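Quick one: sequence and predicted model below, then my questions.
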Amino acid sequence: MTEEIDLTKPNPLVRLQVNIFFISENESSHEIAEKIKGSKAVILVGKVDENHIETYKKAIEEAGINPLLVRIVDPSWGEKEIEYNKVILTNSWTADLAIEEEKSESVSRRDLILGKVKIIKKKVDKPIYINDYCKWLYRACNVCEQSCPYNAITVDKKSGVIINYDKCKACGLCVASCPVSALQFPSISQQSIFELAKIKGDKKITCYRNEKSNGVKLPCLAMLSEVDILLLRSNGKVQFECPGCELQSNLNNFIQLITDYNNKIGGINFISPNLKIEEKEVKELKISSENYFNRAEARKKIMEKENLPYIQFDVSIHNNSCTLCESCVKWCPTSAIKLVRDNEEERITFNPTSCIGCNICMNVCPESCGKGEKVIKVSKSKEAINEEKIIFKDELVRCRVCGTPIGSRRSLNHVKKIMEERGAIVDDEWLERCPKHRAEYAFQMRFGFQAKFKPKKGVG
């Protein structure tokens, strides 16, 4: 039975109606509030300066509209800016999921003494966790937790991602890191980025702190992953502008990405108080405008069309330390890592076109190769790898009696080592048998090889 989707609740399939209002310079906040009241999502087209922005904010509050569903565009910025912002708002289904913070309005000393303090709730534009995107990955994936420089994220293996909003600075690094888009900003969903990228034409991308400048406003440029950057660049040139703030130190990875992509495909420039990157010659991209559910789907499509750095992941195994326990194989959510057996050999293979970079294989690996490093390592590849490759192989050991595969030579040696460390005497004849014939061998060692062995149900 197909599960019904409730379209009355926040859902990525929902498209919001956006109303556009042209505001004259002399309109009061009350007049604007009366005009926009009852709207779900709003674009205010009017003069952008400090005084008018304050007027707009008062009008939005009076009208009772979610401020995360309002965008302000100066008429001088052009019709394209209105189009870009309309696309963003249409797909901002995440806005109603924003957390609310309680704040007290500024009051006089007299009102404070009399206890007349008004508490208001305001929606805050900080990342939200969407379990339907994450599914069960949180049981072993912690990419978002590792990405946060403020220790604001904890991954609970039973319930999912927990965000400490008191610590969160809304830098967006966790949003950029999640391979399946399970972390998104309320004001601009992953779907908004996908749809914005489809529009042909050059784009300027900046942040909310740069409110007097034109351009598509984001919470922070650091929220953009390599997938987002390439999609935005696919239908025209892109200019990124950072006004400079306390979060700009988080842009190191972003700057490295756009520098390398500008060298490879051109058409990207960057402006900040401390750095300027000039765009290089534009090369056409074969990335098609398609509908994607999450970043992993988009990543796979880009791989099919272009050979670009950082889109694929590479996995390697430290051969001297791997025991071929198969944990990475069993846990891989996309089967990018597989176990292949033939008559004499066991091989672990890796398919880069299926890997989403969740790091689950690293997290479940029980072995280390010194200095706290896991035997298996995941990294973003600078070179395109289009073919499946063997990342580990070992001799396949079969049961000495019936020939059933029982494991690799490395895994059996590991078992033997552990047993000996615990004081057990390990007989190779017993070790290199399947469960059924191990039981038989143990029985015969105790009662003699002439004794008739009758295995219990379920053994072997």
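Right, received. Where do you want to start?

mind listing the strands for the stretch 51-200 of the chain?
70-73, 100-104, 119-123, 128-129, 153-156, 160-163, 183-184 (DSSP state E, counting those that start in this stretch).

Please identify the deepest-packed of these.
Most buried of these, by mean neighbour count (mean count of other C-beta atoms under 10 Å): strand 183-184, with a mean of 27. Placement of C-beta: from N, CA and C, glycine included.

ok, it: who's next to it in the sheet?
Strands flanking strand 183-184 in the sheet, each with its direction: strand 128-129 (antiparallel) (DSSP bridges).

now the strand it pairs with: mean pLDDT?
Averaged across strand 128-129, the pLDDT comes to 97.

what comes into contact with it?
94, 97-99, 160-163, 182-186 (C-beta atoms under 8 Å, 6 or more residues apart in numbering).

what would those residues look like in TSV with distance to Ser368 and pLDDT?
Listed next are these as TSV, based on distance: C-beta to C-beta, whole Å; pLDDT from 0 to 100:
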residue	distance to Ser368	pLDDT
Thr94	39	96
Leu97	39	95
Ala98	41	95
Ile99	38	93
Gly160	27	95
Val161	26	97
Ile162	27	97
Ile163	30	98
Ala182	28	97
Leu183	29	98
Gln184	34	98
Phe185	36	98
Pro186	40	97
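
just to revisit the earlier point, could you redo the strands of the stretch 51-200 of the chain as CSV and give each row distance to Gly215?
Converted to CSV, these look like this (distance: least, C-beta to C-beta, whole Å):
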stretch, distance to Gly215
strand 70-73, 10
strand 100-104, 27
strand 119-123, 23
strand 128-129, 24
strand 153-156, 29
strand 160-163, 28
strand 183-184, 20
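
For the top strand by length along the chain, name the packing helices and strands.
Scanning the chain for the strand with the most residues, using DSSP state E, yields strand 389-398. Counting contacts by 3 or more C-beta pairs under 8 Å, 6 or more residues apart in numbering; DSSP states H and E, strand 389-398 packs against strand 313-317, strand 345-350, strand 405-408, helix 409-421.

wait, which of those is closest to Lys301?
The closest of those to Lys301 is strand 313-317. By C-beta to C-beta, the value is 15.6 Å.

so what strands line up beside the closest one?
Here strand 313-317 has these sheet partners by DSSP bridges: strand 376-380 (antiparallel).

how far away is Glu81 from Ala442?
To Ala442, Glu81 is 77 Å away according to C-beta to C-beta, to the nearest Å.

Read off the pLDDT value for the residue nearest to Ile99 when sequence neighbours are not counted.
Among residues not flanking Ile99 along the chain, Val124 sits closest, at 5.5 Å (C-beta to C-beta, 6 or more residues apart in numbering). Per-residue pLDDT puts Val124 at 93.

list the contacts for Val124?
Here Val124 is in contact with 98-101, 165 (C-beta under 8 Å, 6+ apart).

sorry, back to before: outside of the longest strand of the chain itself, list whatever touches it.
Residues contacting strand 389-398 (C-beta under 8 Å, 6+ apart): 315-317, 319, 322, 324, 337, 341-350, 352, 404-412, 432.

Stretch 300-310 too?
Contacts of stretch 300-310 (C-beta under 8 Å, 6+ apart): 226-227, 230-231, 257, 260-261, 264-265, 285-288, 290, 292, 311-312, 352-354, 380-384, 386.

With stretch 181-190 instead?
12, 68-69, 88, 91-98, 123, 125-131, 133-134, 137, 144, 161, 170, 172, 174-175, 177, 218-219, 223, 293-296.
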